[in-house]
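Enquirer: Show me the folded form of this:
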Amino acid sequence: MPSGAYRFRVTATNNDGVWNEAGATLDFVVAAAFYQTRWFLALSVSITLTLIWSAYRIRVRIVEAHGREIGALNERLMKAQEQERIRIAGELHDGVGFDRGRLGTSGGLGLVMMRERAGQLNGTFEFGSAPGRGTTIRVVVPFR
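Expert: Predicted coordinates:
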C-alpha cells in the first residue's frame, strides 16, 4: 500500500439483517519507507554527483602527473642527446682547430650561413678556434 493518509470505514449488519448506515471509521497513516522520502532522494543524488566529481578530479590529477613525468623524461632525453652530440663532435673534431686568419679561403659558406640562419631564428652564434685547441661553435636558438 503506498504511503499516505487513509480512512477505514466499516458497515455491518446484525443477526436480524439490519444494516448500520453510519458505520465505523478508523483514520490511519502509512509512513513512507526511508528510500521513498525526499531527503533520501536528495542524499542519493548528492552522493552520486560527489562520486562522479571525485572520479573526474582523480583522473585529472593522474593525467597531470603523467604529463609532468613525460615532460621530465623529455628533458632528460634531450639533455642526454645533447651530451651525446657533444661527445661525438669531440671525437670527430679531434681538437686540431684552424687559424682564424684563413677563414673564408676554402670557398665554402658554412660558417657564414650558420651565423645568418641563427640570426634569422633570433638566436646567437659564437665561434672560437685556434690551432691545437680545437674549434667550438655554439648556436643558441629560443625554443618558442
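Enquirer: just for the chain, where's the confidence low?
Expert: For the chain, the stretches flagged by pLDDT under 70 are 90-108, 133, 144.
Enquirer: just the helices in it please.
Expert: With DSSP state H, the ranges of helices along the chain come out as 38-92, 110-120.
Enquirer: Could you identify which of those is most buried?
Expert: Sort these by mean neighbour count, taking mean count of other Cβ atoms under 10 Å, and helix 110-120 sits at the top with a mean of 13. For the C-beta atoms, the positions are set from N, CA and C on the backbone; glycine is no exception.
Enquirer: For it, name the packing helices and strands.
Expert: Packed against helix 110-120 by the contact rule (3 or more Cβ pairs under 8 Å, 6 or more residues apart in numbering; DSSP states H and E) you find strand 124-130, strand 134-140.
Enquirer: Same list (the ones you listed) but as JSON lines, adding distance to residue 59.
Expert: Shown next, in JSON lines, are the helices and strands packed on helix 110-120 (distance: least, Cβ to Cβ, whole Å):
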{"stretch": "strand 124-130", "distance to residue 59": "43"}
{"stretch": "strand 134-140", "distance to residue 59": "39"}
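Enquirer: Reformat those into a markdown table and put distance to residue 79 and mean neighbour count next to each item.
Expert: Formatted as a markdown table, the helices and strands packed on helix 110-120 follow (distance: least, Cβ to Cβ, whole Å; neighbours: other Cβ atoms under 10 Å):
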| stretch | distance to residue 79 | mean neighbour count |
| --- | --- | --- |
| strand 124-130 | 20 | 14 |
| strand 134-140 | 15 | 14 |
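Enquirer: Of the ones you listed, which is nearest residue 36?
Expert: Relative to residue 36, the nearest member of these by Cβ to Cβ is strand 134-140, separated by 72.2 Å.
Enquirer: Quick check: the residue sitting furthest away from the middle of the chain vs residue 122, distance?
Expert: Distance to the chain centre peaks in the chain at residue 16, reaching 86.8 Å (criterion: Cα atoms, centre = their mean). Distance from residue 16 to residue 122, counting by Cβ to Cβ, to the nearest Å: 117 Å.
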